[in-house]
Each structure stands twice: as C-alpha cells, then as structure tokens.
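J.: Predicted coordinates and the sequence they were generated for:
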Amino acid sequence: MLPQRMKKAVAENPKKLANLIDLVNLPSSLREFMGQSQTSRLGCFMRVWSYIKSNKLQDPNNKNVVNCDEKLRSILLGKPKIELAELPALIKLHFPKGQK
C-alpha cells in the first residue's frame, strides 16, 4: 500500500515507481554492504535505514543526524556524519540512470 502522496506521483509519472523498485546490479561497495548482488533502490534504502536503526547510529541529541560507522561510510562517500535528508540522494548515487 502506497502513501497518498506517492500514489499521486506514480499516477502522474509511472516511471517513478519503476525507478524505485527495478532490480539493478550493485557496485562492489554496495554489494558488500547489502550482502547481495542485485536489489532495488527502495530495497537498498530500507536496508540502510534498518542498519542505522539496529546499530543505533542516530545521534541521541539530534535524531536528524546519523553518525556513520566504517561500514556505512564505505557507501556514503566517506562522510562521518550525514543528515537524514541527505540519505536518499547519497544512496541514489549508486543507481545511475539507465542502469539495469
């Protein structure tokens, strides 16, 4: 079940949903992190978010900041801290347009 906002966006441009759920071959750094060779962008985001939550990497004083450990840095351009708002854009860098 998609949120109402996403339903409207998909209705206007069905390719948006396809870009999120299409399986693609992963680059080596992301492949090591994910433990699989193919996934969707949405699946990757969900796995990264799960990793952040399970390893308690959110800053306790500011939940909008993630303190990256070595494993997370390897896929997020080596940044020691990121804002949660940056996360989708940083993950999207591993999924260039037209790659299948």
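T.: Alright, I've got the coordinates.
J.: name the element the residue most central in space within the chain belongs to?
T.: Closest to where the C-alpha atoms of the chain average out (CA atoms, centre = their mean) is F45, at 2.7 Å. Assessed by DSSP states H and E, F45 sits inside helix 41-54.
J.: Check which residues of whichever helix or strand comes after that helix are buried.
T.: Elements were assigned by DSSP H and E; along the chain past helix 41-54, the next helix or strand is strand 65-67. Neighbour counts over strand 65-67 (16 or more other CB atoms under 10 Å) mark V66 as buried. Every residue, glycine included, has its C-beta placed from N, CA and C.
J.: Which secondary structure elements does the helix or strand following strand 65-67 sit against?
T.: Next along the chain after strand 65-67, taking DSSP H and E as the criterion, comes helix 70-73. Counting contacts by 3 or more CB pairs under 8 Å, 6 or more residues apart in numbering; DSSP states H and E, the secondary-structure elements packed against helix 70-73 are helix 41-54.
J.: The helix it packs on - what's its average pLDDT?
T.: Mean pLDDT, computed over helix 41-54, is 90.
J.: Phi and psi next, for K79.
T.: Dihedral angles of K79 (phi, psi; degrees, to the nearest 10) stand at phi -70, psi 130.
J.: Can you tell me the closest non-neighbouring residue to it?
T.: Once flanking residues are discounted, K79 sits nearest to C68: 6.1 Å by CB to CB, 6 or more residues apart in numbering.
J.: thought that neighbour was touching L76?
T.: Yes: if you go by CB atoms under 8 Å, C68 and L76 touch, sitting 5.8 Å apart.
J.: between the two, who's got more neighbours?
T.: Each of C68 and L76 has its neighbours counted (other CB atoms under 10 Å); L76 has more, 22 against 18.
J.: contacting residues for S74?
T.: 29, 32-33 (CB atoms under 8 Å, 6 or more residues apart in numbering).
J.: ok, it to A85 distance?
T.: For S74, the distance to A85 equals 21 Å [CB to CB, to the nearest Å].
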